[in-house]
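In: This is a predicted model, with the sequence first.
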Amino acid sequence: MAATGNTFAESKDGDSFVFYPTFLTSIEAIKDTKIRLAMFEAVASYGVRGILPDFTEIDPIGLLDGMFSQIRFSIDAAKAKRDYINEVQRLKQDLRWKKITRSEYDNHIKGLADKYNINTTGYNGIQRNTYNVNIDVNENIDVNEKREIDIYTSGEAPHSLSLSPEEKEFIDFMGKYFPSVQQLDEPLKPEQYKNLCSRYGENRVKDKLTAMENRKDLLEKNKSAYKTVIKWIQRDEQK
């Protein structure tokens with residue numbers, strides 16, 4: 001199997017990538033040991049060094065190319081998401097420390113969406129992300145893996161397989177009425193909202209969320225949506 005060259009700029013040691021369980025399942029289905037090993041090497045070489053494989057010698061009819069293309073899309077989508085999230089977090093930090101204005105932040109976010117080919121319409125402008133690559137969502141998530149993903153931050157895209165109907169409704173609600181609140185480093189989550197409403201009443205909580213949403217310096221002076229609501233309510237009680 002020959003390599004066909006680099007598809008992206010790489011560091012000296014190469015890049016990292018996620019090897020999803022579905023990759024292993026697909027590759028293990030290959031009966032021929034030599035071809036199975038070649039596919040393993042192809043995935044590793046592309047994931048680390050961006051080198052595209054050439055299966056012509058061992059598979060002249062192109063069946064392996066079809067299998068590899070699906071894996072390639074998954075790798076590319078995961079890297080795009082990772083890089084996008086990292087850059088968004090850096091921008092949020094710059095905004096917090098007033099290195100950039102809110103207008104500059106918004107423009108940068110739009111530029112990142114274009115750069116990584118990400119549709120950012122919907123929740124909070126940047127939170128309901130749809131990666132415009134030809135990939136099955138099942139390639140991106142191992143539904144049997146019980147790792148927690150913070151789906152409410154502005155850098156992480158919610159996946160339909162990870163969300164209950166209640167969580168989806170909450171995300172829609174917060175994205176529609178309190179998008180800036182959800183851009184905090186620690187956005188509000190459903191269980192936290194329920195806890196606040198139980199302690200202080202829903203109307204009071206909504207009033208505080210509205211006040212937070214209208215604060216121009218919200219992102220610069222606060223980190224946690226949950227703690228900020230509590231702090232503001234307690235401050236009122238002390239007056």
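Out: Structure received.

In: For the helix or strand harbouring residue 90, buried residues please.
Out: Assigning secondary structure by DSSP states H and E places residue 90 in helix 63-96. Under the neighbour-count criterion of 16 or more other CB atoms under 10 Å, helix 63-96 has 64-65, 67-68, 71-82, 84-85, 87-88, 91-92, 95-96 buried. For glycine as for every other residue, the C-beta is placed from the backbone atoms N, C-alpha and C.

In: hey, where'd the helices end up in the chain?
Out: Taking DSSP state H to define them, one finds helices in the chain at 21-28, 33-49, 63-96, 102-115, 137-140, 165-177, 190-200, 202-213, 218-221, 225-237.

In: pLDDT averaged over the third one - what is it?
Out: Okay, so that is helix 63-96. Here helix 63-96 scores 87 as its mean pLDDT.

In: One more: the fourth one?
Out: Across helix 102-115, the average pLDDT comes to 85.

In: If you average pLDDT per helix and strand, which one of the chain comes out bottom?
Out: When each helix and strand of the chain is scored by mean pLDDT, DSSP states H and E, helix 137-140 comes last, with a mean of 33.

In: pretty sure residue 15 contacts residue 47?
Out: Yes: under the criterion of CB atoms under 8 Å, residue 15 makes contact with residue 47 at 7.3 Å.

In: For these two, indicate the residue with more neighbours.
Out: More crowded of residue 15 and residue 47, by other CB atoms under 10 Å: residue 47, with 23 against 16.

In: nearest spatial neighbour of the more buried one, skipping sequence neighbours?
Out: Excluding the flanking residues, the one nearest residue 47 by CB to CB, 6 or more residues apart in numbering is residue 17, at 3.4 Å.

In: and that neighbour, what pLDDT?
Out: In this model, residue 17 is scored at 91, pLDDT.

In: I'd like the distance between it and residue 205.
Out: According to CB to CB, to the nearest Å, residue 17 and residue 205 sit 42 Å apart.

In: more crowded one of those two?
Out: Neighbour comparison, residue 17 and residue 205: the larger count goes to residue 205, with 21 against 18 (by other CB under 10 Å).

In: Tell me the pLDDT of the more buried one.
Out: The model's pLDDT for residue 205 equals 94.

In: Now it: closest residue in space, sequence neighbours ignored.
Out: Excluding the flanking residues, the one nearest residue 205 by CB to CB, 6+ apart is residue 196, at 4.6 Å.

In: wait, what's in contact with the one you found?
Out: 205, 226, 229-230 (CB atoms under 8 Å, 6 or more residues apart in numbering).

In: for those residues, which one is nearest residue 112?
Out: The shortest approach to residue 112 among these belongs to residue 226, at 26.9 Å (CB to CB).

In: From residue 73, how far off is residue 54?
Out: On the measure of CB to CB, residue 54 and residue 73 end up 18 Å apart.

In: actually residue 46, not the one I wrote
Out: Taking CB to CB, one finds residue 46 at 11 Å from residue 73.

In: same question, residue 57
Out: Taking CB to CB, one finds residue 57 at 24 Å from residue 73.

In: do residue 190 as well
Out: Taken as CB to CB, the span from residue 190 to residue 73 is 32 Å.

In: Same check on residue 225?
Out: From residue 225 to residue 73 the distance is 35 Å (CB to CB).

In: ditto for residue 226
Out: Distance from residue 226 to residue 73, by CB to CB: 37 Å.

In: before we move on, what about residue 182?
Out: Taking CB to CB, one finds residue 182 at 29 Å from residue 73.

In: swap in residue 36?
Out: Remark: distance between residue 36 and residue 73 (CB to CB) = 21 Å.
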